[in-house]
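*Asks:* Predicted model and sequence below, questions to follow.
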Amino acid sequence: MVPAASYLPSLAELAEHTARYVEAGLAGAANTAKAYAGDLKRFGTWCAEHGLEPLPASVDTLAGFVTHLAETGKKVATIQRHCAAVSKAHALHGVDSPTDDKKFKILLEGIARLKGVRQKQALAFTLAAFKRIVKSINAQTLAGKRDKVILLLGFSGAFRRSELAALNLEDLSFSEEGLLVDLKKSKTNQLGEHEEKAIFYSPELPLCPIRSLQAWTKVLGRTHGPLFVSLRKNSQLTERRLTDKHLNLIVQRYLGSSFSAHSLRASFVTIAKLAGADDSEVMNQTKHKTSEMIRRYTRLDNVRQHNAAQKLGL
């Protein structure tokens, strides 16, 4: 009889598994990891040009790099992301990061003060304009049928474009009450906890996200696989999933180049708030974790239209 202890993994095997879990914990979202990879490549190139060591990097090395970024016109958010990438790389290799140095943090604060931290945000559209655009789409064509669903579902579900791109047919549950969309993972739910978005019927048939979606899924003729796919030049369906970049281009095709796929989500927040929805109701759909993020997303930047000074009674 083989002793029970022989079935236990060795310390070396456990160490390998531990390293894998730690790496997964540090990796973060796929899009973030991709951005970090580009940032680290840029940092490594800069270090090589100046004969400096990128890992482990000294405080002076990173200070020189971020100063270079600031002087070449990079935004504060971009500089902060580069620092986060450097910090992740050091954590993965088990070495101290220069980003933890107090003097370096003061440098970043100084850059933020001088350059400002205001970020360019995706424009929001009005509900009237959105309705007009959706009604103008020719849903008799495959591309029109698909694109209409992207706009309606993206807006009514307040989806991130990465979430829209990742949707599969098996994530959809239709009923008389509406549609439930199962979110496997999202930017704020990297552990894959159970999350759903609720989509409701519209009394206006041309603007109904559920009926438009049902028409699109009927065309797909399957029950599994990617929801949004590319089309060949002769308008034949493929099974190639649309990327979030393709979704962005589709949204801009209809809304204009000033907008983006993120405008669907931003406009949901703004329009819902103007309609009287409270933060908790908005957060239940957007899956934001704090009211602070809702306030940041709300595009109420028309100083005359959205101003309490109109309510003073003078």
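*Replies:* Looks like it arrived, so ask away.
*Asks:* What is the end-to-end distance of stretch 223-232?
*Replies:* End-to-end distance of stretch 223-232 (Cα to Cα, to the nearest Å): 21 Å.
*Asks:* neighbouring contacts of it?
*Replies:* 142-143, 146, 149-150, 164-165, 167-172, 216-217, 220, 237-242, 246-247 (Cβ atoms under 8 Å, 6 or more residues apart in numbering). Every residue, glycine included, has its C-beta placed from N, CA and C.
*Asks:* switch to 6 Å and redo it
*Replies:* 142, 143, 167, 169, 170, 238, 239, 240, 241, 242 (Cβ atoms under 6 Å, 6 or more residues apart in numbering).
*Asks:* contacting residues for residue 137?
*Replies:* By Cβ under 6 Å, 6+ apart, the neighbours of residue 137 are 144, 148.
*Asks:* which stretches of this structure form strands?
*Replies:* Along the chain, counting by DSSP state E, strands occupy 172-175, 178-183, 195-199, 229-231, 237-241.
*Asks:* Need the ones you listed in a markdown table (columns: mean neighbour count and distance to residue 107).
*Replies:* Below are those laid out as a markdown table (neighbours: other Cβ atoms under 10 Å; distance: least, Cβ to Cβ, whole Å):
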| stretch | mean neighbour count | distance to residue 107 |
| --- | --- | --- |
| strand 172-175 | 13 | 49 |
| strand 178-183 | 17 | 39 |
| strand 195-199 | 17 | 38 |
| strand 229-231 | 15 | 45 |
| strand 237-241 | 13 | 42 |
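*Asks:* So which of those strands is nearest residue 277?
*Replies:* Judged by Cβ to Cβ, the one of the strands of the chain that comes nearest to residue 277 is strand 195-199, at 13.4 Å.
*Asks:* hey, C-alpha coordinates of that closest one in PDB?
*Replies:* The C-alpha trace of strand 195-199 is given here as PDB (Å, rounded to 0.1, in the frame of the first residue of the first chain):
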ATOM      1  CA  GLU A 195     -22.800  39.700 -12.700                       C
ATOM      2  CA  GLU A 196     -25.800  40.400 -14.900                       C
ATOM      3  CA  LYS A 197     -27.100  43.200 -16.900                       C
ATOM      4  CA  ALA A 198     -30.900  43.700 -17.500                       C
ATOM      5  CA  ILE A 199     -32.200  44.900 -20.900                       C
END
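*Asks:* What mean pLDDT does that strand get?
*Replies:* Averaged across strand 195-199, the pLDDT comes to 91.
*Asks:* ok, of the contacts of stretch 223-232, which one's closest to residue 291?
*Replies:* residue 167 (27.1 Å).
*Asks:* what's around residue 146, how many residues?
*Replies:* 24 (other Cβ atoms under 10 Å).
*Asks:* before we move on, what about residue 244?
*Replies:* Residue 244 has 16 nearby residues by other Cβ under 10 Å.
*Asks:* quick revisit: tell me which of the strands of the chain sits nearest to residue 128.
*Replies:* Between residue 128 and the strands of the chain, the tightest spacing by Cβ to Cβ is seen for strand 195-199, at 21.0 Å.
*Asks:* any idea how far that closest one is from the chain center?
*Replies:* 17 Å (Cα atoms, centre = their mean, to the nearest Å).
*Asks:* can you give me the angle that strand makes with strand 178-183?
*Replies:* 150 degrees (axes from the mean of the first three to the mean of the last three Cα atoms, to 10 degrees).
*Asks:* measure the residue lying closest to residue 162 once chain neighbours are set aside to residue 204 for me?
*Replies:* The shortest distance from residue 162 to any residue other than its chain neighbours is 5.0 Å, reached at residue 244 (Cβ to Cβ, 6 or more residues apart in numbering). Residue 244 sits 28 Å away from residue 204, going by Cβ to Cβ, to the nearest Å.
*Asks:* before we move on, what about residue 54?
*Replies:* 57 Å.
*Asks:* Would you mind saying which of the strands of the chain lies nearest residue 283?
*Replies:* Each of the strands of the chain has some distance to residue 283 by Cβ to Cβ; the shortest is strand 195-199, at 11.8 Å.
*Asks:* now what about the closest one, what contacts it?
*Replies:* 156, 157, 178, 179, 180, 181, 182, 183, 189, 209, 210.
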